[in-house]
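any chance you could fold what I've pasted below:
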Amino acid sequence: MSEPGPESIPTSADPRSKRPTKRRAVTAQSEQATQIETLFRDPTKEIRLPGVSKQRTSASMPAPPEIVANVQGSSAGAGSGEFHVYKASRRREYERLRLMQSEVDKEKEDLDWEAKREEARRKDEEKTEKNRKRRGKRNAKKSGSLKKEGEKMGGDQKVKTVVGGDGDGDGDGDNGGDVGGNGVEGSEMPGVIIHDE
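Have a look, this model is predicted:
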């Protein structure tokens, strides 16, 4: 073992050294702080970001060779060099087949999704139409019952419909007992019905 002396102290830890001590990124925060400090040292320097990688498709891969010379398996009479050539060509072909299958699966999923969306839209429209018809029947029934009430009264009784007013039934409210002051007597507008006797 060597004696402790100036030679055994690392240069960066030596107090006589002018070299800055090495700082190691201990946490993710300190690592990111170091990267940001490096970027801000020279603000004029251009930052090159990697481009968006394109998704690999079967069309983007090279086509399989049309003529394959020396067709042989990984072991049948092949030398040690041919094994790696065989493995590489088999890997390329399997990758191409896998990409083709994934494209077919994606197209099928897209068609299924479109069919589900169309079915949901159709059901929503049917429900909306059903509710629209129900509202129409209800409104027709209401307006029909108002007409029948007016017809039943007949004779010497008057039906006075007051829209607005101050609620005491005499029609002397802020707007003269009707909307727009156009005298709403005997009409079939929905509102408060007052029977004069």
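
all contacts plus neighbour counts: C-alpha atoms, from now on.
OK.

ok, Gly136 to Asp124 distance?
Relative to Asp124, Gly136 is positioned 18 Å away (CA to CA, to the nearest Å).

next: Arg98.
Distance, Arg98 to Asp124, using CA to CA: 39 Å.

again with Arg56
Arg56 is 38 Å from Asp124, by CA to CA.

could you do Gln35 as well?
Distance from Gln35 to Asp124, counting by CA to CA: 54 Å.

can you list the domains in this structure?
Using automatic domain parsing, the domain parsing of the chain gives 73-153, 155-197.

which one of these has the lowest average pLDDT?
Lowest mean pLDDT within the domains of the chain: domain 155-197, a mean of 54.

which parts of this protein are strands?
Assigned by DSSP state E, the chain shows strands spanning 158-162, 192-196.

distance of Ser143 from Glu129?
From Ser143 over to Glu129 the distance is 21 Å, taken as CA to CA.

higher neighbour count, the two?
Counted by other CA atoms under 10 Å, Ser143 and Glu129 do not tie: Ser143 has more neighbours, with 15 against 12.

can you give me the helices for the chain?
Shown for the chain, the helices assigned by DSSP state H span residues 28-41, 80-153.

in a markdown table: those helices, plus distance to Ser60.
Below are these laid out as a markdown table (distance: least, CA to CA, whole Å):
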| stretch | distance to Ser60 |
| --- | --- |
| helix 28-41 | 35 |
| helix 80-153 | 10 |
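
nearest to Ser17, out of the ones you listed?
Closest to Ser17 of the helices of the chain, according to CA to CA: helix 28-41, at 22.9 Å.

average pLDDT across that closest one?
Helix 28-41 comes out at a mean pLDDT of 88.
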